[in-house]
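Student: The following comprises the amino acid sequence and a computationally predicted model.
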Amino acid sequence: MKNQDKADQSLSRRQFLGGLTAAAALTIVPRHVLGGPGYTAPSDKMNIACVGIGGMGATNLSALEGENIVALCDVDDDYASKIYLKYPGAKRYHDYRVMLDKQRNIDGVVVATPDHMHTVVTLAAMQSGLHVYTQKPLTRLVSEARALTDAAKKYNVVTQMGNQGHSGEDLRLICEWIWDGAIGTVQEVHAWTNRPVWPQGIAKRPETQPVPETLNWDLYLGPVKERGYNPIYHPFQWRGWWDFGTGALGDMGCHIIDSAFAALDLQDPTSVEASVAMIVNPDNIWEKLENFETFPHTSIVHFQFPEKNGRPALKLTWYDGGLFPPRPDELEPERRMPESGLLFVGDKGKLMSGDGSTRLIPETFMQSYERPEKTLPRITTSHEENWVQACKTGQNASSHFGIAGPLTETVLLGNLAVRFPQQKLEWDTKSMQVTNHNEANAYVQPDFQEGWSL
């Protein structure tokens, strides 16, 4: 390996470790370690509340059953009923604001609501001095991700985004192999997913139907402007609607792109451009797209990243809706590409990851490769337990908001491009502005319902 390669590797590893295990001057000291209200020693159990418990929140709670589940909050009693029964000792709430105001024994909050509620709930928890574990994507819009990144520093709490792969083995292998020079200088990256697996490409809002007695629709909407209830939104299918979700890219990008972000330090893209496809009458498709209530059926998004710390400029391309990048020539004919995956193209070879496998291709290349020593810390607990451990010790969690915020910003910038397909959006990270298309800037900041704000 050349001396410059070794220097770049060392720098990349220091950056990764600095984000993963920061301590000393950068330590986040939780309030209960300091002996404040609700004090518990690091060896004691945390008191955990969860907002949004019927879906992914139920999975998060299962991973946290070694702690005290003290409060459960959901707007739909029917959807949440099984989880209420599972944790009979936890107090129940419909409104997270009431929960945070009334219940003073909470140490940390899991936020597993639809995407449009992530920011307001997470920020309120941090303002209350509570640690937070927020599902991916961290937010719905670009500016919200920046707001939570800044808030985590201000309120000095332990944070974690629910992209569990950041605590996994594959991300660490990808970093170590790329920094070792296994495929040489990375020239481009491709990322893809089989999502969406929910309805998209819907032009009009469905007709309003009666709200179920078990659902508080006003609390479900939260900061989103008024619309009538329809079961197409809730549960789960909200992901495809612009007002509630972030589509396939938001849902899976914080998982799939994460490894490339970590290995190549892919912050601060300079431009983003998208093309989309929808199954509609093609007459005047671009005018219709502006009126669509949901994300398109499929999209391809190109992110351009500048040179950074010795890494040359490169392009990352995202594909969803069943689209794939060109099949690598090196891939054996009998091998299929992962349904969701990541492909690094270097000047000395290719690395492909997905569906639980990370390999150099072809397999003969993998077998001949002398793997480097595993130098990055391995996490032997679940992603949720990693957060708990960080809360008790005052260290950073694996995917704390200092990492998750910039990753989410980058991912959601792709959704901005999806709103304006076939237009290259030039992006200035410092000012958080599209510099060549002012209309796009209206979708950077949230437009909240009256009475809601950050």
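Tutor: Ah, there it is.
Student: Quick check: bridge partners of the residue lying closest to residue 106 once chain neighbours are set aside?
Tutor: Spatial nearest neighbour of residue 106, chain neighbours left out: residue 49 (4.8 Å); criterion: C-beta to C-beta, 6 or more residues apart in numbering. C-beta here means a position set from N, CA and C on the backbone, and glycine is covered the same way. Residues in a beta bridge with residue 49, per DSSP bridges, are residue 71, residue 109.
Student: Okay, domains of this protein per the record?
Tutor: 3-166+394-404, 169-377+405-443 (automatic domain parsing).
Student: looking at the ones you listed, which is buried most?
Tutor: Highest mean neighbour count among the domains of the chain (mean count of other C-beta atoms under 10 Å): domain 3-166+394-404, with a mean of 20.
Student: what is the rounded mean pLDDT of that one?
Tutor: Mean pLDDT, domain 3-166+394-404: 85.
Student: ok, back up a step: isn't the residue nearest to residue 106 right up against residue 105?
Tutor: No: with contact defined as C-beta atoms under 8 Å, residue 49 does not reach residue 105; the gap is 9.4 Å.
Student: Quick one: name whatever helix or strand follows the helix or strand harbouring residue 263.
Tutor: Element membership for residue 263, per DSSP states H and E: helix 258-264. Heading C-terminal from helix 258-264, the first helix or strand you meet, by DSSP H and E, is strand 271-277.
Student: partners of that following strand in the sheet?
Tutor: strand 298-305 (antiparallel), strand 425-428 (antiparallel).
Student: quick one, which of the ones you listed is nearest to residue 185?
Tutor: Closest to residue 185 of the strands paired with strand 271-277, according to C-beta to C-beta: strand 298-305, at 13.7 Å.
Student: can you list contacts of stretch 335-350?
Tutor: By C-beta atoms under 8 Å, 6 or more residues apart in numbering, the surrounding residues in contact with stretch 335-350 are 174, 178, 181-195, 252, 255-257, 259-260, 263, 324-325, 327-328, 330-331, 351-355, 357, 360-361, 365.
Student: Sorry, wrong one. I was asking about stretch 271-280.
Tutor: Here stretch 271-280 makes contact (C-beta under 8 Å, 6+ apart) with 201, 203, 285, 288-289, 292, 296-304, 321, 413-414, 416-418, 420-427.
Student: do stretch 195-212 as well
Tutor: Looking at stretch 195-212 with C-beta under 8 Å, 6+ apart, the contacting residues turn out to be 76, 78, 217, 227-232, 236-237, 239-241, 247-248, 251-252, 278-280, 288, 291-297, 320-321, 340.
Student: Okay, and residue 120 sits in which element?
Tutor: Residue 120 belongs to helix 115-127, assigned by DSSP H and E.
Student: no, scratch that, I was asking about residue 344
Tutor: Using DSSP H and E, the element containing residue 344 is strand 341-346.
Student: Which element is encountered next along the chain beyond that strand?
Tutor: strand 349-354.
Student: what helices or strands is the following helix or strand past that following strand leaning on?
Tutor: Next helix or strand after strand 349-354 toward the C-terminus (DSSP H and E): strand 357-361. Where contact means 3 or more C-beta pairs under 8 Å, 6 or more residues apart in numbering; DSSP states H and E, strand 357-361 is packed against helix 169-179, strand 349-354.
Student: got the contact list for strand 357-361?
Tutor: Contacts of strand 357-361 (C-beta under 8 Å, 6+ apart): 170, 173-174, 177, 182-183, 328, 330-332, 338, 349-353, 366, 369.
Student: what angle do that strand and strand 349-354 make?
Tutor: Using axes from the mean of the first three to the mean of the last three C-alpha atoms, to 10 degrees, the inter-axis angle of strand 357-361 relative to strand 349-354 is 160 degrees.
Student: who does strand 357-361 pair up with?
Tutor: Its sheet considered, strand 357-361 pairs with strand 349-354 (antiparallel) by DSSP bridges.
Student: average pLDDT for the strand it pairs with?
Tutor: Computed over strand 349-354, the average pLDDT equals 98.
Student: what angle do that strand and strand 341-346 make?
Tutor: 170 degrees.
Student: quick one, strand 349-354 and helix 169-179 angle?
Tutor: Using the same axes, to 10 degrees: strand 349-354 against helix 169-179 is 170 degrees.
Student: Dump strand 349-354 to CSV, keeping only the CA atoms.
Tutor: The C-alpha trace of strand 349-354 is given here as CSV (Å, rounded to 0.1, in the frame of the first residue of the first chain):
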residue,chain,number,x,y,z
GLY,A,349,-12.0,-4.0,-8.4
LYS,A,350,-15.6,-4.0,-7.1
LEU,A,351,-17.2,-4.7,-3.7
MET,A,352,-20.9,-5.6,-3.4
SER,A,353,-23.0,-5.8,-0.2
GLY,A,354,-26.6,-6.7,0.4
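Student: Low-confidence stretches in the stretch 351-454 of the chain?
Tutor: Along the stretch 351-454 of the chain, the model assigns pLDDT under 70 to no residue.
Student: how about the helices in it?
Tutor: Under the criterion DSSP state H, counting those that start in this stretch, the stretch 351-454 of the chain contains helices at 363-368, 383-393, 401-419.
Student: any chance of those in JSON lines, plus distance to residue 95?
Tutor: Formatted as JSON lines, those follow (distance: least, C-beta to C-beta, whole Å):
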{"stretch": "helix 363-368", "distance to residue 95": "53"}
{"stretch": "helix 383-393", "distance to residue 95": "24"}
{"stretch": "helix 401-419", "distance to residue 95": "24"}
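Student: quick one: which of those helices is nearest residue 83?
Tutor: Between residue 83 and the helices of the stretch 351-454 of the chain, the tightest spacing by C-beta to C-beta is seen for helix 383-393, at 15.3 Å.
Student: Just the CA trace of the closest one, in PDB.
Tutor: C-alpha atoms of helix 383-393 as PDB (Å, rounded to 0.1, in the frame of the first residue of the first chain):
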ATOM      1  CA  HIS A 383     -28.700  -1.400  18.300                       C
ATOM      2  CA  GLU A 384     -31.200  -0.500  21.000                       C
ATOM      3  CA  GLU A 385     -29.000  -1.900  23.800                       C
ATOM      4  CA  ASN A 386     -26.100   0.000  22.400                       C
ATOM      5  CA  TRP A 387     -28.100   3.200  23.000                       C
ATOM      6  CA  VAL A 388     -28.900   2.100  26.600                       C
ATOM      7  CA  GLN A 389     -25.300   1.400  27.300                       C
ATOM      8  CA  ALA A 390     -24.400   4.800  26.000                       C
ATOM      9  CA  CYS A 391     -27.000   6.400  28.200                       C
ATOM     10  CA  LYS A 392     -25.600   4.700  31.200                       C
ATOM     11  CA  THR A 393     -21.900   5.400  30.500                       C
END
